[in-house]
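Colleague: show me the folded form of this:
(one chain, ligands or ions: 1)
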Amino acid sequence: MKKFKTESKRLLDLMINSIYTNREIFLRELISNASDALDKIYLASLTDRSIKITRAELGITLAYDAQARTITVSDNGIGMTREELDKNLGTIAYSGSLEYKQGQKDAEDAQKAEDTEGATDSTDSNSAKGKKKAQASEVTDEQAIDLIGQFGVGFYSGFMVASKVRVVSRAIGEDQASSWESNGIDGYTIKDASRDEHGTDVILTLKPDTEEDNYTHLISEGELTHLVKKYSNYVRYPVKMEVSKERELPKPDDADEDYKPQFESYLEMETLNSMTPIWKRRKSEVSEDEYAEFYKSDFRDYAAPAATFTIKAEGVLNYDALLFIPSHAPFDLYSKDFEKGLALYSSNVMIMEKCADLLPDHYNFMRGVVDSADLDLNISRETLQRNNQLRAMAKRIEKKITSELGTLLKDKRELYESIFECFGRGLKYGIYTSYGALKDTLADLLLYYSAKEEKLITLREYLDAAPSEQEAIYYAAGEDEKLLAKMPMVKSVLARGYDVLLCTHDVDDFCMSIMGSYDDKPLKNVAGADLGLESEEEKKEAEDKSKEYGELFSAMQEILSDKVVKVALSSRLADMPAGISAEGPISLEMERIMAAMPDGGGMKSERVLELNVEHPAFAKLVEAKAADTERLALLTNVLYNQALMVEGLPLADPIEFAEAIGQLLS
Ligand code: ADP
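Modeller: Below is the predicted model of the structure:
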């Protein structure tokens, strides 16, 4: 017997111990796998002449045996070799996605998991550690469902209802079939087996009923039919099962007058699912539930989509599109491995699972189907790229997504906000990476947290609420809304009655500076050196004072040498003795983000040390300037470093800073 890997076993345990309240979805998962295997063989047959199979021959069969307590899902799809059975069914989420996500979760949960570390046996591999942490007993049900949903442990859901799963499979082009068998607990066995043709049978032996759980009811014609219609109605291949029918017996010749018709029952293969593509039906005829079930089954998501919309294009180019906005972001959305795309069909036959050319990058999160009878079945990836029809479709789809998002923003604000939480960062990237070309399309879809309103608002809403004399849109960028709200520069803008947008996406500052303005109002980072908020009077006063302390400032600048380009007075520091701002195109926030990137460390902002003339510390500076140059150097360094700390910037030399404080205190 081969053992399951430790991590697979843990996930299996979680699943079997009924994290899924909804166990009946096991059937949907197995049917979806079968449907995928049929897609695969069909796609292969298009290019491989040795595969002689027509689409009409492909299908899925269900069978059950009440005595043996089995349910069997069969397909005549691509099948699996012995090695594939081992690889695909021996490890949960063989694709590596689990490892990836858990690496990520690991980073997030590092702190929390620290406590449980002692409980798990030690290992030197980082990713294995990640797995252990994520699967430690403290993983909440919600997280576990999230994991399961995202890794497509689809096949393993069989173990929620079965005490034994046997898979018999024969790969196309092979003579030998193999079987895989497991009780889902410690391991599995693989043996030679026989099967008449290519394809796969998954045979579940259902668990015995318990007081809480009844499995027996699943083994019935009525229940299986119901589940297929509920979860797999739009699978594109027939799902057939022998169902019992009744027919009237011929009336005997010698029947007397009060003869009542007699019936006999017999079995007949029947297709249980509708098979009409759901996207061919009118939107008004399909319920939200039906769309959701189709989405979940076709796109392997455990959660219903946040929104669904359709396109019916008629004219030069005919096609139907059914588009979904997922309700959560896939774990790898922001990784380079993420594959965007819509499924492409030609007259109800899938020709590509993920056609990337149908979606622009900023809408990469969209899922859906595009079906056009006008497309060539044998279209290849290469020719697709040059395909004008495809380009026209992509354009229309992009427009539709933009307008639907706009409608959601207007009519279903709460829902839109949750969508934006998941995918808003991508929209901002879209503006940034297009060098602002997408600004007109996307700027109105952006939401920012308003310091004044304490909720998400659009740029339009910001301007609508702004006093008429306000000349710019102000924002602050950093890691944390709460910290940003406390920044003296934010407070000083707020004190003037102007709202400040608190931006916490890494791309925000870059996106804002690429946009430059919105509705002719410049977008200004409050940490920028010159906000131009002072009145003429204030300016005059500042100028006079700057002159008065000119010598102090140049002495301080000399002390700080190349660390700052300028030392200046500021009226926006509230209770702080000093602050840091940036002149020029690179903001402090940009510098911080670039420094965190593998090769972005070289980007430096032009820092200005701002001083608060009202603060008692300022008088000390003036004193030191007159009497004690060493003390001035000490004070200057301390003020500069504490201003860096407030900005969340790394200190140039923490030890020197600590020593300087020590000296001041003694
Ligand atoms: P997923 O389907 O999300 O990849 P599963 O655990 O359901 O995850 O299945 C693992 C793999 O096993 C599939 O990717 C597929 O390669 C293979 N597989 C499962 N069921 C079948 C089937 N009926 N026919 C052929 N291959 C299958």
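
Colleague: please make it C-alpha for all contacts and neighbour counts, starting now.
Modeller: Fine.

Colleague: mind showing which ranges of the stretch 501-650 of the chain have poor pLDDT?
Modeller: Within the stretch 501-650 of the chain, the segments meeting pLDDT under 70 span 600-601.

Colleague: quick one, helices of it?
Modeller: With DSSP state H, counting those that start in this stretch as the definition, the stretch 501-650 of the chain shows helices at residue ranges 508-515, 536-548, 550-560, 588-596, 616-627, 629-646.

Colleague: most packed of those helices?
Modeller: helix 508-515 (a mean of 22; mean count of other Cα atoms under 10 Å).

Colleague: name the residues that touch that helix?
Modeller: Defining contact as Cα atoms under 8 Å, 6 or more residues apart in numbering, one finds that helix 508-515 is touched by 428-429, 431-432, 435-436, 439, 477, 503, 523, 525, 587, 589-590.

Colleague: again, 10 Å this time
Modeller: 425, 427-440, 443, 448, 475-478, 502-503, 505, 516, 518, 522-525, 585-590, 593 (Cα atoms under 10 Å, 6 or more residues apart in numbering).

Colleague: okay, and the helix or strand of the protein with the least pLDDT?
Modeller: helix 126-135 (a mean of 37; mean pLDDT, DSSP states H and E).

Colleague: ok, back up a step: among the helices of the stretch 501-650 of the chain, which is nearest Glu181?
Modeller: Across the helices of the stretch 501-650 of the chain, the minimum distance to Glu181, taken as Cα to Cα, is reached by helix 588-596, at 48.3 Å.

Colleague: report the separation between Tyr156 and Leu12.
Modeller: 7 Å (Cα to Cα, to the nearest Å).

Colleague: contacts only, for the residue nearest to Phe324 when sequence neighbours are not counted.
Modeller: In space, and not counting its chain neighbours, Phe324 is closest to Thr308: 4.6 Å by Cα to Cα, 6 or more residues apart in numbering. Thr308 sits next to 283, 288, 291-292, 295, 322-326, 367-368, 404 when contact means Cα under 10 Å, 6+ apart.

Colleague: what's the end-to-end length of stretch 55-64?
Modeller: 26 Å.

Colleague: just for this protein, where's the confidence low?
Modeller: For the chain (pLDDT under 70), the answer is 7, 10-11, 14-21, 92-153, 376-386, 600-601.

Colleague: close to the ligand: what parts of it are there?
Modeller: 33-34, 37, 78-80, 88-89, 152-156, 200 (Cα under 6 Å from any ligand atom).

Colleague: buried ones in stretch 489-497?
Modeller: 489-494 (16 or more other Cα atoms under 10 Å).

Colleague: take those and lay them out in JSON lines including distance to Val349 and secondary structure.
Modeller: Below are the buried residues of stretch 489-497 laid out as JSON lines (distance: Cα to Cα, whole Å; DSSP: H, G, I helix; E, B strand; the rest coil):
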{"residue": "Met489", "distance to Val349": "59", "secondary structure": "helix"}
{"residue": "Val490", "distance to Val349": "56", "secondary structure": "helix"}
{"residue": "Lys491", "distance to Val349": "59", "secondary structure": "helix"}
{"residue": "Ser492", "distance to Val349": "61", "secondary structure": "helix"}
{"residue": "Val493", "distance to Val349": "59", "secondary structure": "helix"}
{"residue": "Leu494", "distance to Val349": "58", "secondary structure": "helix"}
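
Colleague: closest to the ligand out of these?
Modeller: Proximity of those to the ligand, judged by Cα to the nearest ligand atom, is greatest for Val490, which lies at 47.6 Å.

Colleague: isn't the closest one right up against Gly497?
Modeller: No: with contact defined as Cα atoms under 10 Å, Val490 does not reach Gly497; the gap is 11.1 Å.

Colleague: for Gly90, which non-adjacent residue is closest in space?
Modeller: Phe4 (6.2 Å).

Colleague: for the one you found, give me its contacts.
Modeller: Phe4 touches 10, 12, 89-92, 182, 184-188, counting by Cα under 10 Å, 6+ apart.

Colleague: ok, the residue of the stretch 501-650 of the chain found nearest the ligand to Leu447 distance?
Modeller: For the stretch 501-650 of the chain, the residue closest to the ligand is His505, as judged by Cα to the nearest ligand atom, at 31.1 Å. From His505 across to Leu447, the span is 11 Å (Cα to Cα).

Colleague: and the two? which has more neighbours close in?
Modeller: Leu447 (22 against 18; other Cα atoms under 10 Å).

Colleague: can you tell me the closest non-neighbouring residue to the more buried one?
Modeller: Thr458 (4.7 Å).

Colleague: isn't the one you found right up against Phe420?
Modeller: No: with contacts counted by Cα under 10 Å, Thr458 stays clear of Phe420, the gap being 11.5 Å.

Colleague: which residues are in contact with each of these two?
Modeller: Common neighbours of Thr458 and Phe420 (Cα under 10 Å, 6+ apart) are 409, 445-447.

Colleague: which ones among those map onto helices?
Modeller: Leu409 (DSSP state H).

Colleague: isn't Lys283 right next to Leu322, touching?
Modeller: Yes: counting by Cα under 10 Å, Leu322 is a contact partner of Lys283 at 9.4 Å.

Colleague: got the phi/psi numbers for the most centrally placed residue in the chain?
Modeller: Nearest to the mean C-alpha position of the chain, by Cα atoms, centre = their mean, lies Ala329 at 1.9 Å. Phi and psi for Ala329, reported as degrees, to the nearest 10, are phi -80, psi 140.

Colleague: make 47 the starting number, not 1.
Modeller: All set: I'll call the first residue 47, so the last point we hit is now Ala375.

Colleague: would you mind measuring the gap between the ends of stretch 323-333?
Modeller: 14 Å.

Colleague: mind listing what's buried in it?
Modeller: 323-326, 329.

Colleague: now these in JSON lines, with secondary structure?
Modeller: Formatted as JSON lines, the buried residues of stretch 323-333 follow (DSSP: H, G, I helix; E, B strand; the rest coil):
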{"residue": "Pro323", "secondary structure": "coil"}
{"residue": "Ile324", "secondary structure": "helix"}
{"residue": "Trp325", "secondary structure": "helix"}
{"residue": "Lys326", "secondary structure": "helix"}
{"residue": "Lys329", "secondary structure": "helix"}
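
Colleague: shared neighbours of His551 and Leu493, anything?
Modeller: Common neighbours of His551 and Leu493 (Cα under 10 Å, 6+ apart) are Gly470.

Colleague: doesn't His408 make contact with Gly470?
Modeller: Yes: using Cα under 10 Å, Gly470 is in contact with His408, at 9.1 Å.

Colleague: do you know how far Ala489 is from Gly452?
Modeller: From Ala489 to Gly452 the distance is 11 Å (Cα to Cα).

Colleague: okay then, goodbye and thanks.
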